[in-house]
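**Q** got a structure for you, letters missing:
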């Protein structure tokens, strides 16, 4: 049995505070200085350093230092110290899964940093707030805050922490299912870390890359990145991230069916999570370990760990994790042919899902309960739950399709902005060259000395400048054309994806219409989808982009083949772009068989023999 694995390994991402060598030796040295220091701002800053060291290897000490920092800062009326104390208390609460308290303290910190105009403190705290939004599944809000953070850090040239925000944003995009965008963000972060010496942040990037490679099923690469990250965390005694990384590596080994290594890393994660009081991480690793034992038919041991994970998830109020673990326990009991016991877990899961509607996929829950009822020969209830499973599974399918379109749109928007920047830079270069020539002309006209020599010199210089200017103009035109081609291709693919999704929804609505009584509602949905599928505005936008890239294409067709219809011109335009038959079918909203017939009729109209290629002819126009 394969346990449903959530990517909690990477939730505990760094809050971008300064990197410290987290060793007891440094802590002891700071404590000696602290005990001799009078009550002043220096003492406050020492407490902040002590907190940073303790946060990832002794959580109770971290809490103590944060509250001492707040008390002393308030006594001194040291605003900056109060702001960072609130921030530190918030981060402590986040790490022990007290989300409401964490957000409350972060907002207090932001208020303080705003009044004293501390941008660094604002960046750091807003990022921590974004991390909490990600915890709670508010991914769009987390990305919005991250984008603002990136813009601010670029403005102040804060490269190291900028890379950290890229890592965080990658994690959020990963949670949204936008894996391509997430991967690009991680590569951007690693490119920065190649130039600066920030080993812990590099480890964070590798840790997140482990999750992405696992998603792409590149298991060997995932383990390679995970072990490199784990080595750095151990060197710096970072126990929190040792726990998260070990859990991640254990998950990958599970998928490889290397249960011995999976058990080893998951046990390591559980031990560190207990030491650091990381309940959410302990629950995740405990559930995953239960899955390892179930997969080896060690059912009694596996159920024991799954029950322990359920207890932990109830304490942390993590409904998504609890739902996944309850489902896993139910499936395990079904496998053992104990449907009555399985039903207890599935019923608890169903009650949780129906009351809280967590963002996780509950389809497997109803599929498992349907199997339990089937084993108990209660076929009526089995059928009812199977229908629930199908409905939820279809909604997840539709959600995945929507995510694919959203990711395509995000990539398109990002590339469009980047290309616009390139075009602006070309325009600036061109204007600067023109300004140089204009200034030289004024200088020569105003001078009057060595006129003949000046004219000759200017003529030669002007010739060189003209060549340079022509080159810049050509580069600008090339850049514009490349941009338009990319815009055209992206628009076509987006159109194909949208139509494919709408057609899929239409088919499901048709199926539901035949099995339900509420035919009128489904008929209205089908009519709405049909209207969108047949909307000519989409084609008009595509046609506009196409004409900008292939200016004479339509006129050449009309001149050489006047009998060609507008629909056949549409088909030829898409053939010109080298799109597949499936993509063309989706864009034109007809079947692939319909595309074959359309191509056949077009070949006859263009008088093309069986030996000649329709594609080659279209490409030559």
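**A** Done, it's in. Here the structure is a predicted model, which is why all the values come from computation and not from measurement. Numbering: from 1, shown residues only.
**Q** only C-alpha atoms for contact and neighbour calcs from this point on.
**A** Will do.
**Q** what helix or strand is residue 611 located in?
**A** Per DSSP states H and E, residue 611 falls between elements, in no helix or strand.
**Q** do residue 148 as well
**A** helix 139-155.
**Q** what is that helix packed up against?
**A** helix 119-135, helix 159-176 (3 or more CA pairs under 8 Å, 6 or more residues apart in numbering; DSSP states H and E).
**Q** show me the shaky parts of the chain.
**A** Residues of the chain meeting the criterion pLDDT under 70: 1-25, 160, 317, 356-361, 392-542, 544-545, 548-549, 610.
**Q** quick check: domain ranges of it?
**A** Using automatic domain parsing, the domain parsing of the chain gives 1-136, 397-533, 550-620.
**Q** picking up where we left off before, dump the helices and strands packed on helix 139-155 to JSON lines, plus distance to residue 578 and mean neighbour count.
**A** Shown next, in JSON lines, are the helices and strands packed on helix 139-155 (distance: least, CA to CA, whole Å; neighbours: other CA atoms under 10 Å):
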{"stretch": "helix 119-135", "distance to residue 578": "40", "mean neighbour count": "23"}
{"stretch": "helix 159-176", "distance to residue 578": "30", "mean neighbour count": "25"}
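**Q** include distance to residue 63 when you put these into CSV, please.
**A** Below are the helices and strands packed on helix 139-155 laid out as CSV (distance: least, CA to CA, whole Å):
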stretch, distance to residue 63
helix 119-135, 17
helix 159-176, 24
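**Q** what comes up buried for the helix holding residue 148?
**A** 139, 142-143, 145-146, 149-150, 152-153 (16 or more other CA atoms under 10 Å).
**Q** which one of these is nearest residue 297?
**A** Checking the buried residues of helix 139-155 against residue 297 with CA to CA, the nearest one is residue 139 at 37.8 Å.
**Q** once you drop chain neighbours, what's closest to the closest one?
**A** Of all residues not flanking residue 139 in the chain, residue 172 sits nearest, at 6.1 Å (CA to CA, 6 or more residues apart in numbering).
**Q** residue 95 too?
**A** residue 278 (6.8 Å).
**Q** that neighbour touches residue 93, doesn't it?
**A** No. In this structure residue 278 lies outside contact range of residue 93 using CA atoms under 8 Å: 11.0 Å.
**Q** show me which of the buried residues of helix 139-155 is closest to residue 294.
**A** residue 139 (33.1 Å).
**Q** okay, now the residue nearest to residue 95: neighbour count?
**A** Around residue 278 there are 21 other residues, counting by other CA atoms under 10 Å.
**Q** tell me the contacts of it?
**A** Contact analysis of residue 278 by CA atoms under 8 Å, 6 or more residues apart in numbering lists 95-97, 240.
**Q** give me phi/psi at it?
**A** Torsion angles at residue 278 (phi, psi; degrees, to the nearest 10) stand at phi -90, psi 80.
**Q** try residue 337
**A** According to degrees, to the nearest 10, residue 337 has phi 60, psi 40.
**Q** how about a markdown table for the buried residues of helix 139-155, with distance to residue 334 added?
**A** Shown next, in a markdown table, are these (distance: CA to CA, whole Å):
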| residue | distance to residue 334 |
| --- | --- |
| 139 | 35 |
| 142 | 39 |
| 143 | 40 |
| 145 | 44 |
| 146 | 44 |
| 149 | 48 |
| 150 | 49 |
| 152 | 53 |
| 153 | 53 |
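**Q** shouldn't residue 92 be in contact with residue 63?
**A** Yes. Contact status for residue 92 versus residue 63: in contact at 6.4 Å, counting by CA under 8 Å.
**Q** contacts for stretch 260-277 next, please.
**A** With contact meaning CA under 8 Å, 6+ apart, stretch 260-277 is reached by 56-59, 96, 239-240, 242-247, 249-254, 279, 281-282, 285-286, 288-289, 292.
**Q** what segments of the stretch 151-300 of the chain are helices?
**A** In the stretch 151-300 of the chain, the helices defined using DSSP state H, counting those that start in this stretch lie at 159-176, 179-193, 199-215, 219-235, 239-255, 259-276, 279-295, 299-316.
**Q** which one of these lies closest to residue 72?
**A** Residue 72 lies closest, by CA to CA, to one member of the helices of the stretch 151-300 of the chain: helix 259-276, at 26.2 Å.
**Q** contacts only, for the closest residue to residue 166 other than its chain neighbours.
**A** Counting by CA to CA, 6+ apart, residue 166 lies nearest to residue 185, which is 5.3 Å off, once chain neighbours are set aside. Contact partners of residue 185, counting by CA under 8 Å, 6+ apart, are 166-167, 169-170.
**Q** now do residue 314
**A** Residue 314 neighbours (CA under 8 Å, 6+ apart): residue 322.
**Q** and it, how close does it get to residue 98?
**A** Taking CA to CA, to the nearest Å as the measure, residue 314 falls 13 Å from residue 98.
**Q** what's the answer for residue 386, then?
**A** In this view, residue 386 and residue 98 are 37 Å apart by CA to CA.
**Q** please identify which of those two sits among more neighbours.
**A** Neighbours were counted for residue 386 and for residue 98 using other CA under 10 Å; residue 386 has more, 20 against 15.
**Q** which element is that one on?
**A** Here residue 386, judged by DSSP H and E, is contained in helix 379-447.
**Q** picking that back up, need the helices of the stretch 151-300 of the chain in JSON lines (columns: distance to residue 575).
**A** As requested, the helices of the stretch 151-300 of the chain are exported to JSON lines (distance: least, CA to CA, whole Å):
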{"stretch": "helix 159-176", "distance to residue 575": "34"}
{"stretch": "helix 179-193", "distance to residue 575": "27"}
{"stretch": "helix 199-215", "distance to residue 575": "34"}
{"stretch": "helix 219-235", "distance to residue 575": "38"}
{"stretch": "helix 239-255", "distance to residue 575": "42"}
{"stretch": "helix 259-276", "distance to residue 575": "50"}
{"stretch": "helix 279-295", "distance to residue 575": "49"}
{"stretch": "helix 299-316", "distance to residue 575": "54"}
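**Q** minimum distance to residue 556: which of these has it?
**A** helix 179-193 (38.9 Å).
**Q** buried residues in the closest one, which are they?
**A** Of the residues in helix 179-193, those buried (16+ other CA under 10 Å) are 179-183, 185-190, 192-193.
**Q** quick one: contacts for residue 259?
**A** By CA under 8 Å, 6+ apart, the neighbours of residue 259 are 253, 292, 296.
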